[in-house]
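[1] quick one, fold the following:
(2 chains, ligands or ions: 2)
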Amino acid sequence: MSILSTRGLTKSYGDGESLVRAVDGVDLEVESGETVAIMGPSGCGKSTLLHLVGGLDRASGGEIHLAGRRVDQLTERALARLRRTDVGFVFQAFHLMDELTALENVELPALLAGHSPRAAKARAAELLDRVGLTTKAGALPTTLSGGQRQRVAVARALSNEPVLVLADEPTGNLDSAATLDVLRLFEDLHDAGQTLVIVTHDERIAATADRLITMRDGAFVDETRLTGGSTGNLGALAGLEG
Amino acid sequence: MGRLLLIVRLAARDLLRRPAEAALLLLAIAAATTTLTVGLTIHGVASDPYANTREVTAGPDVVATILPDPEGGADPDPAALESIAAADGVTDHSGPFPVAGAALELGERTMDVQAIGRDAEPADVDRPAVTDGDWVRDGGIVVEAAFAEAAGLHVGDPVTLAGREFEVAGIAVTAALVPYPWTSCLVHCMLGEAPEGMRPADGALHDPGTVWLTVADVEEIASAPLSYVMNLKLADPDDAQAFVLAHGEERPGLPNLLSWNHTLEQVTHLERNTQRLLTTGGTLLGILAVASVAVLVGGRMADQTQRVGLLKAAGATPGLVAAVLLAASVTVALLASAVGLVAGRLTAPLFTERAPGLLGAAGEPALTASAVAIVTAVALGVAVVATLVPAVRAARTSTVAALNDAARPPRRIGWLIALSTRLPPALLIALRLAGRRPRRVVLSVASVTVTVSGVVAAMAANAQLAGQPLVDADTETQRLSDVLLVITVMLIALAAVNAVVVTWATVLDARHASAVTRALGATPAQLSAGLSLAQMLPAFAGALLGVGGGLALYTAIDPDEVPMPSTWSLVVLVPGVVIAVAALTAIPALLAARRPVAPSLQAELA
Ligand SMILES: Nc1ncnc2c1ncn2[C@@H]1O[C@H](COP(=O)(O)OP(=O)(O)OP(=O)(O)O)[C@@H](O)[C@H]1O
Ligand SMILES: [Mg+2]
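    Numbering: from 1, shown residues only, chains lettered A, B, ... in the order given. Ligands and ions are numbered 1, 2, ... in the order given. Next up, the predicted model:
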């Protein structure tokens, strides 16, 4: 079953001479439980595509269907609800709140969604455990390493059990060891049946996906179905071990 | 030349990059310079006009009058006054002069006057100072200055006095009598509205003005027995009150004495009240102006440190960077001092304008060169300090460090964050936004407290003014109410600027947090409600503190009389303030919440 599909999705900036088609007629299908990697040169429209799909930005044209619902014409309010319940974001720059502890960062989406403080906290603790940061629950982001911060951000993205997790260069700011940590985490998510769309420059990350899409000038130019991407010997495949 | 042009262009761009912020900074500094200008301008004017008038006019130490017996006894005998002039301690005197009550017809209007008969020659004691025209002559009257102003009389005007035609020969001031409308009565008269249950005595004048005529003219217009007035100079003016106690008699037909201290008390009553209002109001305004400048400058400093890094990264020398920042700030400061000087100069007369019954009081408030220098220096000082700190800091630190100086890190208040988890999303967002910048919250609370204190004190003062039975509705109440109104309006205006400034600073400073919060699913409505609530909570606290503070303030200024503003007005005030703050912050909050999320998040990467 396809959880996400777009038809002729377009986003352009400016007009006339200065018109930029950041996303130019993209048709994307993502199956439930699938991990899709998107690669492409800088400025080809990868981030823009993720923002459109996740309801952070509005398309200039085309359709977006998420979990069986058309979402490209929702009101701001409904888009907010969509981000709150159906989508989880992971950003290259982490975007954690500096004044909140790891646990408080993770419980924030649940609180915004109106869950009880007790439930939000329990869920956050469980997620921190899942990303292996139980001991860092009370730590402020500035005292965490880059890899730890990104794991907190992943836990936060999972807070409201989204149908789709969107990650924009999640390892772009990380060194090899931290990249491996995050990679393992995504693999766990994949195994647990989480649908993932990951934008990356890193071929090792892309290699772990079920499917790799290459973008250029706002459009998909190539699509490869990978096998064994998530078969467990990820470290070896990614060439990060040893 | 090229370098100068570059500095100018970069500085202009710096200002235009954040036009709203530059405008608010201009407004805040201008508010401070306006207040300062008013203060400096009225400072000189306020110097003891009564003492000045007393000296110039050879003012008497004691004024003795003798009035006819309203019950119809014997006519008053000026000889009774002569005997007082012979008393111990009296060194000089003038009079007795005859005084007649009369009606002055001015077109449609008729006003009561007490007409004092005087010689053409100046007297030894009480020589009214002619401020316009000439001294009395037959057929020519001289009008007391405050009365002339109230009646709209000018030199050369024809008037009808007790049915006889006269011409206004001159306008004069005296220290012997309290100026209109609080005129010291030399004939039977009544001031203000009649207190309940009392009626003015038959033939008594109502709110009379004072005019001087020749003795012959007074005798001619008199239709009833004359009163007499005599001015006494004592060896020691400080003995005046003792002298009055020893020789005075509050009975018709016998001399009635008034000391100069009594006159001074009456004359300066209004001055003292105005002065007190101004000092208090000016202080409150100053505090508010400093609060908003502090918020704006704090925000700008963080912003500018980063900007310095950018300029340096683009190859600018530290000197050039400092010059650019200084040029931008100096422009704002100079504009603000110009605005403040003009606004202050225009408002100052509102505070100093008084019944022109005294000398020195009529003097126009003047803007001296030193006042201009002080105002400009203060404005420049604020701007330069606010600029130099980041300029020097950024010039010293490495370019990379300056670039990475991601504004000021937010504060963490653990208990507030824990508390906020129990609240609905909008309040959760509000508490956390407020908690990130505790000092700014303190400034917000202080700003509202100061404003509400001022407003409550003004309400109390108004309640007192309204409660006074013997006040001439046209003058004193009006003037004090005007001053109160101006101060209140300025306080509210400045507090409004503060509310917008603080919201704006919060909006700018919380751009990233807001974008993340929205990416996590907060609706624009929740976010804008959060941004507004973050200002409304301090406003609520400030309003509560301000009500108490205002009453305390008023009690401190005026310990004797503490009239309470009506309870309902105080009860309405608190939610009123909160609603006003909500309205003021709504627009910046709405704008901020509608900002697209993606670019704000992307900007962090750049
Ligand atoms: N707000 C905007 N206004 C105008 N053009 C924009 C805006 N945002 C993005 N673009 C343009 O859209 C195109 C796609 O940008 P996008 O950020 O999606 O690229 P990307 O593939 O994520 O690049 P990178 O790998 O560097 O992150 C670029 O050419 C960019 O300049
Ligand atoms: Mg990108």
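[2] can we go C-alpha only for contacts and neighbour counts from here?
    Noted.
[3] doesn't B:L310 lie inside a strand?
    No: looking at B:L310 with DSSP: H, G, I helix; E, B strand; the rest coil, it is helix, so not inside a strand.
[4] can you report how many residues neighbour it?
    17 (other C-alpha atoms under 10 Å in any protein chain shown).
[5] name the element B:A11 belongs to?
    Using DSSP states H and E, B:A11 maps to helix B:2-17.
[6] residue contacts, the nearest residue to A:K46 once chain neighbours are set aside?
    Closest residue to A:K46 apart from its sequence neighbours, by C-alpha to C-alpha, 6 or more residues apart in numbering or on different chains: A:V199 at 6.6 Å. Shown in contact with A:V199 (C-alpha atoms under 8 Å, 6 or more residues apart in numbering or on different chains): A:A37, A:I38, A:M39, A:K46, A:S47, A:A167, A:D168, A:E169, A:P170.
[7] please redo it, this time with the cut-off set to 10 Å
    Applying C-alpha atoms under 10 Å, 6 or more residues apart in numbering or on different chains to A:V199 gives the contacts A:36-40, A:46-47, A:49-50, A:91-92, A:166-172, A:205-206, A:212-213.
[8] ok, of those residues, which come out buried?
    For the contacts of A:V199, a neighbour count by 16 or more other C-alpha atoms under 10 Å in any protein chain shown gives the buried set as A:36-40, A:46-47, A:49-50, A:91-92, A:166-171, A:205-206, A:212-213.
[9] and those near ligand 1, which?
    A:K46, A:S47 (C-alpha under 6 Å from any ligand atom).
[10] next step: the buried ones among the contacts of A:V199 restricted to helices.
    Using DSSP state H, the members of the buried ones among the contacts of A:V199 that fall in helices are A:K46, A:S47, A:L49, A:L50, A:I205, A:A206.
[11] closest residue of the stretch 501-606 of chain B to ligand 1?
    Proximity to ligand 1, evaluated over the stretch 501-606 of chain B using C-alpha to the nearest ligand atom, is greatest for B:P599 at 6.0 Å.
[12] now do the stretch 201-350 of chain B
    Relative to ligand 1, the nearest point of the stretch 201-350 of chain B is B:L310 (20.5 Å; C-alpha to the nearest ligand atom).
[13] isn't that residue right up against B:A316?
    Yes: counting by C-alpha atoms under 10 Å, B:L310 touches B:A316, with 8.9 Å between them.
[14] just the CA trace of the helix holding B:A11, in CSV.
    Taking C-alpha atoms only, helix B:2-17 is exported to CSV below (Å, rounded to 0.1, in the frame of the first residue of the first chain):
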residue,chain,number,x,y,z
GLY,B,2,35.4,56.2,-1.6
ARG,B,3,35.7,54.9,1.9
LEU,B,4,33.3,57.4,3.3
LEU,B,5,30.8,56.5,0.6
LEU,B,6,31.2,52.8,1.4
ILE,B,7,30.6,53.5,5.1
VAL,B,8,27.5,55.5,4.3
ARG,B,9,26.1,52.8,2.0
LEU,B,10,26.8,50.0,4.5
ALA,B,11,25.3,52.0,7.3
ALA,B,12,22.2,52.8,5.3
ARG,B,13,21.8,49.1,4.5
ASP,B,14,22.3,48.2,8.1
LEU,B,15,19.3,50.5,9.0
LEU,B,16,17.1,49.4,6.2
ARG,B,17,17.7,45.8,6.8
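[15] now do the buried residues in the longest helix along chain A.
    Ranked by number of residues, the top helix in chain A under DSSP H is helix A:176-191. By 16+ other C-alpha under 10 Å, the buried positions in helix A:176-191 come out as A:178-190.
[16] just stretch B:254-263 next, same as before
    B:L254, B:P255, B:N256, B:L257, B:L258, B:S259, B:W260, B:T263.
[17] how about stretch A:67-76?
    A:V71, A:D72, A:E76.
[18] can you show me the strands along the stretch 351-500 of chain B?
    Under the criterion DSSP state E, counting those that start in this stretch, the stretch 351-500 of chain B carries no strands.
[19] need the residues of it near ligand 1, please.
    Going by C-alpha under 6 Å from any ligand atom, none of the residues of the stretch 351-500 of chain B are near ligand 1.
[20] okay, now the unreliable bits of the stretch 351-500 of chain B?
    The model of the stretch 351-500 of chain B has pLDDT under 70 over residues B:351-366, B:386-387, B:389-391, B:393-408, B:466-479.
[21] would you mind naming what in it lies close to chain A?
    When proximity is defined as C-alpha under 10 Å from any C-alpha of the partner chain, the stretch 351-500 of chain B approaches chain A at B:409-414, B:417-426, B:428-429, B:432, B:435-436.
[22] please list only the buried members of the residues you listed.
    Among those, the ones that count as buried by 16+ other C-alpha under 10 Å are B:410-413, B:417, B:420-426, B:428-429, B:432, B:435-436.
[23] buried set for stretch B:578-588?
    Judged by neighbour count (16+ other C-alpha under 10 Å), stretch B:578-588 contains these buried residues: B:V578, B:A580, B:V581, B:A582, B:L584, B:T585, B:A586, B:I587, B:P588.
[24] nearest to B:E219 among those?
    Ranked by distance to B:E219 (C-alpha to C-alpha), those are led by B:A580 at 64.3 Å.
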